[in-house]
Every structure is written in C-alpha cells, then in structure tokens.
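S.K.: With the input below, show me the fold.
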Amino acid sequence: MMSSKPIATPIEIGTKLSKHEEGDDVDSSYFKSLVGSLRYLTCTRPDILFSVGLVSRFMESPTTTHLKVAKRIIRYLKCTFDYGLFYSSSKEFNLEGYCDSDWTGDTNDRKSTSGWQYCISMEF
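M.R.: Reported below is the predicted structural model:
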C-alpha cells in the first residue's frame, strides 16, 4: 500500500455493496483487523466514517470487492494524512446531540437503521 496511488475520495459516489458480491473470499481475520484499524481512526478522522461503516457490515464473509473498498479508504488516507481533529483541554464546552433513521434502507435484508451523533464544541 505504500506505493499505491493516492486518491481524493474515500469511496466512489453511488457505491452499493452486498453480501452476495462477486469475487473470491478473503481472510476474514485480515479484513477484520484492517476494518478495526480504520474504525479506530474515525475518532480523529470523521471524513472516513461513512465509508468505514459501509465496509464494516461485511465482516463475516468479506470478498475481494469488499477488500478493494477498504483499501480505497487507505489510499484516501495517504492523500489526506494532514487532515484530522485535534482535541485540546478547555474549561467550557457545549454538548449537542442529533439522531436520524432510515426505514428499510438496507438493500440486503431490508432492515431499518437508526443512529445518534453527539458533538462537543469547545471555547478557544
């Protein structure tokens, strides 16, 4: 991956992944390790959060297509290594929460998805 070409977006627009993607099966422990590392990065890199969430749905039986999407995220990180959130200590902060849901938006099993996000803003 060190010699791979950097790219400007973490995922192609309109990418839809499925459990039944064509391609050979890949080592699930390798895929889990890769996606786990990417999930750790989302603490300071919220720009990859959607893409990492998308590939993390296929941890049980990943294919080469799923692995290519995960490796694309790494290529994006190579292009944007100086991006990130930097947390500093502050006496005053503001906590805001948001929620949203998507009814039967999953094309694999038509399950509903809901999520929450909490934002901390600090005074500088």
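S.K.: who's in contact with Glu60?
M.R.: By CB atoms under 8 Å, 6 or more residues apart in numbering, Glu60 lies in contact with Ser28. Just so you know, the C-beta spots here come from the backbone N, C-alpha and C atoms, and that holds for glycine as well.
S.K.: For stretch 26-46, could you pull out the residues that count as buried?
M.R.: Within stretch 26-46, the residues that count as buried by 16 or more other CB atoms under 10 Å are Val26, Phe31, Leu34, Val35, Leu38, Leu41, Arg45.
S.K.: now for these, which pair is the farthest apart?
M.R.: Val26 and Arg45 (23.8 Å; CB to CB).
S.K.: May I ask which helix or strand encompasses the residue most central in space within the chain?
M.R.: Nearest residue to the geometric centre of the chain (CA atoms, centre = their mean): Val52, 1.6 Å. Following DSSP states H and E, the helix or strand that holds Val52 is helix 49-55.
S.K.: for the helix or strand Ile73 falls within, packing partners?
M.R.: Using DSSP H and E, Ile73 sits within helix 64-79. Judged by 3 or more CB pairs under 8 Å, 6 or more residues apart in numbering; DSSP states H and E, the packing partners of helix 64-79 are helix 28-41, helix 49-55.
S.K.: Just the CA atoms of it, as CSV, please.
M.R.: Once non-C-alpha atoms are left out, helix 64-79 reads as follows in CSV (Å, rounded to 0.1, in the frame of the first residue of the first chain):
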residue,chain,number,x,y,z
THR,A,64,-12.3,-9.2,-2.8
THR,A,65,-14.8,-6.4,-3.7
HIS,A,66,-15.2,-5.5,0.0
LEU,A,67,-11.4,-5.6,0.4
LYS,A,68,-10.9,-3.3,-2.5
VAL,A,69,-13.3,-0.7,-1.0
ALA,A,70,-11.4,-0.9,2.3
LYS,A,71,-8.1,-0.5,0.6
ARG,A,72,-9.5,2.5,-1.3
ILE,A,73,-10.1,4.2,2.1
ILE,A,74,-6.4,3.7,2.9
ARG,A,75,-5.4,5.2,-0.4
TYR,A,76,-7.6,8.2,0.5
LEU,A,77,-5.8,8.5,3.9
LYS,A,78,-2.5,8.6,2.1
CYS,A,79,-3.7,11.6,0.1
